[in-house]
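# The following comprises the amino acid sequence and a computationally predicted model.
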Amino acid sequence: MDCRLSVLVVSRTPSLLNRLLESFPSACSLPLADVEILCSWNGSIVDESFIHVPDGLLFRVVSRAPYHFAANVNSLVRLAQAESLLLVNDDVILDRGSVDSALAAMASQAQVALIGSHLRGLDGRLTHAGILFDCFASPFHYLESLVSADHTFVLRDEARVVAASGALMLIRRSALVQLRMNEAYRVCGEDVEFCLDVCEILGSKILYLPEFSGVHEAESTRSSMPGQGANSSDQVLLKARRKRFERRAGCKVLIDEWRLQRDVACVCVREGHKSLPGVALMAVTLLRSGLWISWRVVSSVLSRFARC
């Protein structure tokens with residue numbers, strides 16, 4: 001079967017999966033025959049019988065395995081047929097036309113390998129518009145829960161970021177085939193490392209697109225399941241990867257990230273959302289990043305002169 005879009009979803013909860021499937025037809029105007037939806041099922045056979053697929057959707061459970069997000073996604077990628085891969089959590093509700101917006105943006109920009117989304121909670125607060133790192137190399141969803149999802153800053157034009165959430169992203173298949181998700185992560189962090197790999201190893205761009213949007217009930221199922229909460233080994237692994245990224249990524253990528261950090265800090269201060277310790281952390285992060293970028297630029301210039 002030839003198809004133009006492969007949707008990849010990992011699930012164990014039929015009620016959430018059914019809601020996601022119901023939201024898909026309004027989010028994507030491609031002919032349903034051009035779209036395949038592949039599921040890695042982590043739940044029971046009994047629960048699987050409660051999956052309801054809207055008429056016309058080409059949905060298949062192609063893998064039945066315990067939850068391990070990286071391994072589950074990698075198994076789905078091996079079976080996907082389209083060049084465009086939509087990775088989406090089962091607890092996401094897609095907005096009307098959102099997938100169309102992402103597909104159009106990727107088709108028009110060959111250097112973009114991944115498009116990140118704009119997500120909000122059921123309360124209308126922002127849950128995701130991109131990922132930044134603090135001075136300790138820890139990732140965070142900037143402005144998460146601090147502003148409404150319709151804040152002017154997060155509805156700005158598309159912007160370059162270095163990492164986005166795997167809850168909803170559009171990926172060129174070639175990128176995921178080349179890099180794959182790192183299965184050393186037990187629970188979380190593999191999506192963020194994958195983004196860093198896209199920027200550093202492939203030299204491709206990651207785009208934040210506000211029109212690529214939906215509702216996300218973050219942690220709706222994972223945090224309640226044994227062994228699926230955040231863990232320290234994943235955090236250590238991701239911090240080490242981030243530090244390697246800082247040493248190896250191009251200066252232009254780091255400068256763009258620093259500008260985004262600065263703009264986010266300005267929004268936080270202007271909106272009065274940060275405590276004194278929070279402001280201090282942002283200031284240290286900006287100062288450290290600025291000094292590191294300056295050192296990288298100077299070192300690059302000196303090395304060029306040395307080769308002359």
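Yep, that arrived.
# Now do the lengthiest strand in the chain: which elements does it pack against?
Across the chain, the strand with the greatest residue count (assigned by DSSP state E) is strand 205-216. Secondary-structure packing of strand 205-216 (3 or more CB pairs under 8 Å, 6 or more residues apart in numbering; DSSP states H and E): strand 92-94, helix 98-108, strand 112-120, strand 159-161, strand 168-172, helix 190-200. C-beta here means a position set from N, CA and C on the backbone, and glycine is covered the same way.
# tell me the angle of the third one relative to strand 205-216?
Okay, so that is strand 112-120. 30 degrees (axes from the mean of the first three to the mean of the last three CA atoms, to 10 degrees).
# so for strand 112-120, what's the average pLDDT?
Per-residue pLDDT over strand 112-120 has a mean of 98.
# ditto for stretch 234-246
Stretch 234-246 carries an average pLDDT of 95.
# Show me the contact partners of that stretch.
Stretch 234-246 is contacted from outside by 133, 136-139, 162, 182, 184-189, 192-193, 196, 199-200, 254, 292, using CB atoms under 8 Å, 6 or more residues apart in numbering.
# swap the cut-off to 7 Å and go again
Contact with stretch 234-246 is made by 133, 137-139, 184-189, 192-193, 196, 200, 292, as judged by CB atoms under 7 Å, 6 or more residues apart in numbering.
# Same question for stretch 104-116.
For stretch 104-116, the surrounding residues in contact (CB under 7 Å, 6+ apart) are 84, 102, 130, 158, 161, 164-165, 169-172, 175, 195, 198, 202, 204-209, 212.
# circling back to that earlier point, confidence-wise, which of the helices and strands packed on strand 205-216 is weakest overall?
strand 159-161 (a mean of 92).
# Point out the other helices and strands that that strand packs with.
For strand 159-161, the packing partners by 3 or more CB pairs under 7 Å, 6 or more residues apart in numbering; DSSP states H and E come out as strand 205-216, helix 251-271.
# Would you mind extracting the C-alpha trace of the last one into PDB?
Yep, that's helix 251-271 we're talking about. What follows is helix 251-271, C-alpha atoms only, in PDB (Å, rounded to 0.1, in the frame of the first residue of the first chain):
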ATOM      1  CA  CYS A 251      27.300  28.100  16.800                       C
ATOM      2  CA  LYS A 252      24.300  29.300  14.800                       C
ATOM      3  CA  VAL A 253      22.100  26.700  16.500                       C
ATOM      4  CA  LEU A 254      23.300  27.700  20.000                       C
ATOM      5  CA  ILE A 255      22.800  31.400  19.200                       C
ATOM      6  CA  ASP A 256      19.200  30.800  18.100                       C
ATOM      7  CA  GLU A 257      18.600  28.900  21.300                       C
ATOM      8  CA  TRP A 258      20.100  31.600  23.400                       C
ATOM      9  CA  ARG A 259      17.800  34.200  21.800                       C
ATOM     10  CA  LEU A 260      14.800  32.000  22.600                       C
ATOM     11  CA  GLN A 261      16.000  31.700  26.200                       C
ATOM     12  CA  ARG A 262      16.300  35.400  26.400                       C
ATOM     13  CA  ASP A 263      12.800  36.000  25.000                       C
ATOM     14  CA  VAL A 264      11.200  33.500  27.300                       C
ATOM     15  CA  ALA A 265      13.000  35.100  30.300                       C
ATOM     16  CA  CYS A 266      11.600  38.500  29.300                       C
ATOM     17  CA  VAL A 267       8.100  37.100  29.000                       C
ATOM     18  CA  CYS A 268       8.400  35.500  32.500                       C
ATOM     19  CA  VAL A 269       9.600  38.700  34.100                       C
ATOM     20  CA  ARG A 270       7.100  40.900  32.300                       C
ATOM     21  CA  GLU A 271       4.200  38.600  33.300                       C
END
